[in-house]
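Participant: pasting the structure only:
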């Protein structure tokens, strides 16, 4: 595939960079520039290899977060120096193992390149025979939308599909069928007290019978993620929210499922048509760009799952830094605006030696063992 080598250059700006990390990370962690450029050139036409690359980063991101969180929670008597040092480590891990994928790859020039190529090839493929000339443009736009959306089930769609599964199980799980009927009525009446009691009763029965009843086991398996959140948070609210949402949005979720199936069929038709109309080389390029676009979408979701643990932890550190700043309460109020606050707000009130630390480049290579 012909492309300009500038495609692999570290971008000057990227959209959705709310924290403005483009103004800090290339200077704070200079190694990220070469890391990105080498990775972009290496993986930009290899979807399967990029997938492995992305999942390896997610694994290291999770390991690093768990280690730092454990160290932070093992001793609550933190000095300001310790907290600034910890924020530096979190930021470095975030830069090298999250920001590089979710921003530089997924929102940067490579993403734009794949989108442009998909649009270019859609025009070459054209529409199927029988489409009227006056509606051809609308068909082409629809083809573009389907390919850019892809057949990847994102987190929202996966939750919708899981919600349908839970509802279908409850409809057929004989031992809780009557309680499920009352539960739907309680949800429609916004009777939270009754709703929560019924959910607790249904889930407790399924937990008790999961070894002997395949529907009970299937229900618990489909609720496993949220039940783990309940244990972690010591709060049953995530479970209540999940099941209430599944009941209230059952019809909408089924419609999402139908649309997803339709998109998969349409994408299959597009590639069948492309195989007929494009040369072997063009077809290969078209398919690669579509697959890479889909891989970027999935990577953004899978790495984003770490936010559920990383962001609360990071904000705890930042708020504690704010509290320990050697300045008046008036000045330290509301300094934490986002995860990059150390660079653009907190730093102004740090003592000189820590201020210098924040704005001193870290040129050491990324090593997971240091987290």
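Facilitator: Here it is on my side, so go on. Fair warning: this is a prediction, and the values are worked out from it, not measured in the lab. Numbers count the residues shown, from 1 in each chain.
Participant: residue 139 and residue 269, how far apart?
Facilitator: Distance from residue 139 to residue 269, counting by CB to CB, to the nearest Å: 11 Å. Any C-beta I mention is one placed from the backbone N, CA and C, and that applies to glycine too.
Participant: same question but for residue 314, I mixed them up
Facilitator: The spacing between residue 314 and residue 269, counted by CB to CB, is 45 Å.
Participant: cool, residue 62 as well?
Facilitator: Residue 62 is 39 Å from residue 269, by CB to CB.
Participant: these two: who's more crowded?
Facilitator: Taking neighbours as other CB atoms under 10 Å, residue 62 and residue 269 compare with residue 62 leading, 16 against 13.
Participant: mind giving me the packing neighbours of the helix or strand harbouring residue 230?
Facilitator: Here residue 230 sits within helix 224-233, counting by DSSP states H and E. Packing contacts for helix 224-233, counted by 3 or more CB pairs under 8 Å, 6 or more residues apart in numbering; DSSP states H and E, involve helix 237-248.
Participant: in whichever helix or strand comes after the helix it packs on, what's buried?
Facilitator: Downstream of helix 237-248, the first helix or strand assigned by DSSP H and E is helix 250-277. For helix 250-277, the neighbour count (16 or more other CB atoms under 10 Å) marks 250, 253, 256-257, 260, 263, 266-267, 270-271, 273-274 as buried.
Participant: just put the residues you listed in CSV and tack on distance to residue 51 and pLDDT.
Facilitator: CSV is the format used below for the buried residues of helix 250-277 (distance: CB to CB, whole Å; pLDDT from 0 to 100):
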residue, distance to residue 51, pLDDT
250, 33, 90
253, 27, 86
256, 24, 81
257, 25, 84
260, 20, 79
263, 21, 84
266, 23, 88
267, 18, 88
270, 22, 89
271, 19, 90
273, 26, 89
274, 22, 92
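Participant: wait, what's in contact with the nearest residue in space to residue 266 that is not next to it in sequence?
Facilitator: Distances taken as CB to CB, 6 or more residues apart in numbering place residue 146 nearest to residue 266, at 4.8 Å, with adjacent residues excluded. Applying CB atoms under 8 Å, 6 or more residues apart in numbering, we find residue 146 in contact with 263, 266-267, 270.
Participant: check residue 8 too.
Facilitator: Contacts of residue 8 (CB under 8 Å, 6+ apart): 37, 40-41, 44.
Participant: and stretch 14-30, what's its mean pLDDT?
Facilitator: Averaged across stretch 14-30, pLDDT comes to 93.
Participant: go on, stretch 81-91?
Facilitator: 97.
Participant: that older thread, looking at the contacts of residue 8, spot the one nearest residue 295.
Facilitator: residue 44 (10.7 Å; CB to CB).
Participant: in stretch 36-53, what's buried?
Facilitator: Within stretch 36-53, judged by 16+ other CB under 10 Å, the buried ones are 36, 39-40, 43-45, 47, 50-51, 53.
Participant: any idea how far that stretch is from the chain center?
Facilitator: In this view, stretch 36-53 has its centroid 19 Å away from the chain centroid, taken as CA atoms, centre = their mean, to the nearest Å.
Participant: quick one: end-to-end distance for it.
Facilitator: 12 Å (CA to CA, to the nearest Å).
Participant: and if you look at stretch 102-111?
Facilitator: Using CA to CA, the two ends of stretch 102-111 sit 11 Å apart.
Participant: could I get the buried residue list for that stretch?
Facilitator: Quick answer for stretch 102-111 (16+ other CB under 10 Å): 102-111.
Participant: report the distance from that stretch to the chain centre.
Facilitator: The answer for stretch 102-111 is 14 Å, by CA atoms, centre = their mean.
Participant: what mean pLDDT does that stretch get?
Facilitator: 92.
Participant: what about residue 170, how many residues nearby?
Facilitator: 22.
Participant: need the contact list for it.
Facilitator: Applying CB under 8 Å, 6+ apart, the residues near residue 170 are 176-177, 180, 202, 219.
Participant: the helix or strand harbouring it: which residues count as buried?
Facilitator: Using DSSP H and E, residue 170 maps to helix 155-172. For helix 155-172, a neighbour-count test (16+ other CB under 10 Å) marks 157, 159-160, 162-167, 169-170 as buried.
Participant: so how far is it off the chain centroid?
Facilitator: Worked out by CA atoms, centre = their mean, helix 155-172 lies 20 Å from the chain centre.
Participant: let me know the angle separating it from helix 224-233.
Facilitator: Inter-element angle recorded for helix 155-172 and helix 224-233: 100 degrees (by axes from the mean of the first three to the mean of the last three CA atoms, to 10 degrees).
Participant: can you tell me the average pLDDT over helix 155-172?
Facilitator: Averaged over helix 155-172, pLDDT sits at 83.
Participant: following element in sequence after it, please.
Facilitator: Heading C-terminal from helix 155-172 (DSSP H and E), you reach helix 177-188.
Participant: tell me the mean pLDDT over that next one?
Facilitator: 93.
Participant: give me the secondary structure label for residue 19.
Facilitator: Put simply, residue 19 is coil when judged by DSSP: H, G, I helix; E, B strand; the rest coil.
Participant: contacts only, for it.
Facilitator: Per CB under 8 Å, 6+ apart, neighbours of residue 19: 338-340.
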